[in-house]
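Trainee: no sequence for this one, just the structure:
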């Protein structure tokens, strides 16, 4: 399904992808992506007429494997298919939150950020979260903020240059996250932990405000 079931595999899956993409792809890695296509493609084709029944991270992994093996057209076709089905579901059930395309774009954005192409990656992350009222959730925010923190760290170390227009888009995104994230928690306390999470600090609004402050400080905006 496209609700909770679509979200739960995101955390470990996207983390594995993020770690893999921290280094430029080698021939061995390219073979791994080809192997991944061989694994994921039959699953997706089997459910192609009901593509939102496929786990979002499976779709994201397949799209990224296509991109990493220079099969961009296949990735775009798959994303168009997901978008079409999400739009159809949106007409049938306007209140339902659907995260599939959002997660695919988040993972692709994370890939480009990890490869050092922050302008393209961050732009993709921002696009993935629109409309905020439907796409901003605990897991989607977790991966979006990691890209922003990576951007800030690289800017602080003077390792990258980012155009002002992209930085302004980042500020605008964080302001939107601040606005729409008042009732979105950032984390859940572990069930066996005695530590308590401060309610006021455990919101996307709080974290978005902090990250915006850091970005403004680093960029001297």
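Mentor: Arrived safely. Since we're looking at a predicted model, the values are computed, not measured.

Trainee: So the residue positioned nearest the centre of the chain versus residue 31, what's the distance?
Mentor: A centroid search over the chain (C-alpha atoms, centre = their mean) returns residue 106, at 2.0 Å, as the residue closest to the centre. Separation of residue 106 from residue 31 (C-beta to C-beta, to the nearest Å): 25 Å. Placement of C-beta: from N, CA and C, glycine included.

Trainee: Tell me where the model's unsure across the protein.
Mentor: Low-confidence segments of the chain, defined by pLDDT under 70, are located at 1-27, 189-199, 221.

Trainee: ok so, going back, what about the residue nearest to the centre of the chain, which helix or strand?
Mentor: Under the criterion DSSP states H and E, the helix or strand holding residue 106 is helix 100-114.

Trainee: who does that helix touch, helix- and strand-wise?
Mentor: Of the remaining helices and strands, those touching helix 100-114 by 3 or more C-beta pairs under 8 Å, 6 or more residues apart in numbering; DSSP states H and E are helix 4-7, helix 10-20, helix 56-68, helix 72-92, helix 118-128, helix 138-156.

Trainee: Identify each buried residue in the helix or strand just after the second one, please.
Mentor: The element immediately downstream of helix 10-20 (helix or strand, assigned by DSSP H and E) is helix 27-46. Going by neighbour count (16 or more other C-beta atoms under 10 Å), the buried part of helix 27-46 is 32-33, 36-37, 40, 44.
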